[in-house]
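Enquirer: Below is the sequence, then the predicted model.
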Amino acid sequence: MNQDVPDVVVQTALSYTQTSTLTDAILTLLDVEIKRCADETCQKEFLFQEPLSKTRKPRNDAQYCSDICARRTVDRAYKRRKRKKAKESL
Ligand SMILES: [Zn+2]
C-alpha cells in the first residue's frame, strides 16, 4: 500500500478525467467526433459532424479535414498508380 501519493497527482488525475468526460459530453451533445486527417502530409485533428442525411454523403468524407486533403490524397494515389503502371509496361 502506498500512502505517499501526493495530493497534486490525485487532483491532476481527477481533473483530467473530469475534463475528458466533459469533452466527451460536449462532443456527444453536438454529435461530432474528433478525427485525424487521413492525408499523409496533414494528419490534423478535426471535428467531424455526421451528415444529417446519411444516404447522401459518402462515408469516406469523414477521413479528411478538408476537401483539399481529400483531393490531394486522391490525386497522389492516382499519380502513384500511373507511375506503377508506367514501370510495369517497360
Ligand atoms: Zn487534412
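Expert: Great, that's in hand.

Enquirer: Now do the longest helix anywhere in the chain: which elements does it pack against?
Expert: Longest helix in the chain by number of residues (criterion: DSSP state H): helix 7-30. For helix 7-30, there is no helix or strand it packs on, judged by 3 or more Cβ pairs under 8 Å, 6 or more residues apart in numbering; DSSP states H and E. For the C-beta atoms, the positions are set from N, CA and C on the backbone; glycine is no exception.

Enquirer: which parts of the very next helix or strand once past it are buried?
Expert: Sequence order places strand 32-36 as the next helix or strand after helix 7-30, per DSSP states H and E. Neighbour-count burial for strand 32-36, counted by 16 or more other Cβ atoms under 10 Å, picks out no residue.

Enquirer: again, but for stretch 35-54
Expert: Buried residues in stretch 35-54, counted by 16+ other Cβ under 10 Å: 37, 39, 42, 46, 48.

Enquirer: wait, is the second one part of a strand?
Expert: Spelled out, that is D39. No - secondary structure assignment places D39 outside any strand; it is coil (DSSP: H, G, I helix; E, B strand; the rest coil).

Enquirer: chain center to the lowest-mean-pLDDT helix or strand in the chain, what's the gap?
Expert: Ranked by mean pLDDT, DSSP states H and E, the weakest helix or strand in the chain is helix 7-30, scoring a mean of 75. Remark: helix 7-30 is offset 20 Å from the chain centroid, using Cα atoms, centre = their mean, to the nearest Å.
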